[in-house]
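Visitor: Just a sequence and a predicted model for now, questions to come.
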Amino acid sequence: MIDKAGLRIPKCYDAKLLPNDANPIESKFSLLLEDFAPSDGWSQRWLLQSEDEVKATLTTFAKLHAFFWEGSTFYNDKEATTELESGVWESASYVQPKLQTLNQCQDVAKGWASSKLKCQKELESFDYWDNLGERLESVAEENGRLAHPFAVDELKDEYKKYRTYTHGKLAYTYHGYGGY
């Protein structure tokens, strides 16, 4: 990936993976990565400082996503693709729709009611202040279905081409909805 995509990625010196299929929360993982040392050109900032830095950052993210995009050179290696998908896709992340709490879209209004006072100063002047929770709940399920089409049996094959691997998981960049 470093050579083909032209990205600077820290070396992984060691990885210990101890998944617990019976109780996934008890899984244990350890990584030893190359140091992100300033002497090697790495730096950390709170915010990007210029338009050039923004462009460089977006270019890097685009290259990272594109490397694993269906139809890329990586996807021509069917063995690697199968290994990646079987090892990562189904259990990739807590944001995977299939790993979410059942019926969570039916609890949006209740969640808003219990949290809205935290946002009162910023939002109470808007006309949606009183019914925001109900309004969000009324569209949550359909928006979730469209934003995460890979969790919907009748959509997952059609949208498979929008998936990519990044941030330690298979994710998707579905333009129009987007997300991980």
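Guide: Arrived safely.
Visitor: Can you check the pLDDT for the residue nearest to residue 113 when sequence neighbours are not counted?
Guide: Spatially, and ignoring its direct neighbours in sequence, residue 113 is nearest to residue 133 (5.7 Å; Cβ to Cβ, 6 or more residues apart in numbering). Glycine gets a C-beta too; all of them are placed from N, C-alpha and C. Predicted confidence (pLDDT) at residue 133: the value is 92.
Visitor: what does residue 18 give?
Guide: With respect to pLDDT, residue 18 scores 87.
Visitor: shouldn't it be in contact with residue 29?
Guide: Yes: look at residue 18 against residue 29 with Cβ atoms under 8 Å: they come within range, at 7.0 Å.
Visitor: CA atoms only for the helix or strand containing residue 29, dumped as PDB, please.
Guide: Using DSSP states H and E, residue 29 sits within strand 28-33. Extracted in PDB, the C-alpha atoms of strand 28-33 (Å, rounded to 0.1, in the frame of the first residue of the first chain):
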ATOM      1  CA  LYS A  28      -7.800  -8.400  23.300                       C
ATOM      2  CA  PHE A  29      -5.600  -6.700  20.800                       C
ATOM      3  CA  SER A  30      -2.200  -5.100  20.900                       C
ATOM      4  CA  LEU A  31      -0.200  -3.200  18.300                       C
ATOM      5  CA  LEU A  32       3.300  -2.000  18.300                       C
ATOM      6  CA  LEU A  33       3.700   0.700  15.600                       C
END
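Visitor: partners of that strand, with directions?
Guide: Partners of strand 28-33 in the sheet, by DSSP bridges, are strand 12-18 (antiparallel).
Visitor: Could I get the full set of strands for this protein?
Guide: Here the chain has its strands, by DSSP state E, at 12-18, 28-33, 163-166, 169-172.
Visitor: Dump those strands into JSON lines; add distance to residue 106 as well.
Guide: Converted to JSON lines, the strands of the chain look like this (distance: least, Cβ to Cβ, whole Å):
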{"stretch": "strand 12-18", "distance to residue 106": "36"}
{"stretch": "strand 28-33", "distance to residue 106": "33"}
{"stretch": "strand 163-166", "distance to residue 106": "27"}
{"stretch": "strand 169-172", "distance to residue 106": "24"}
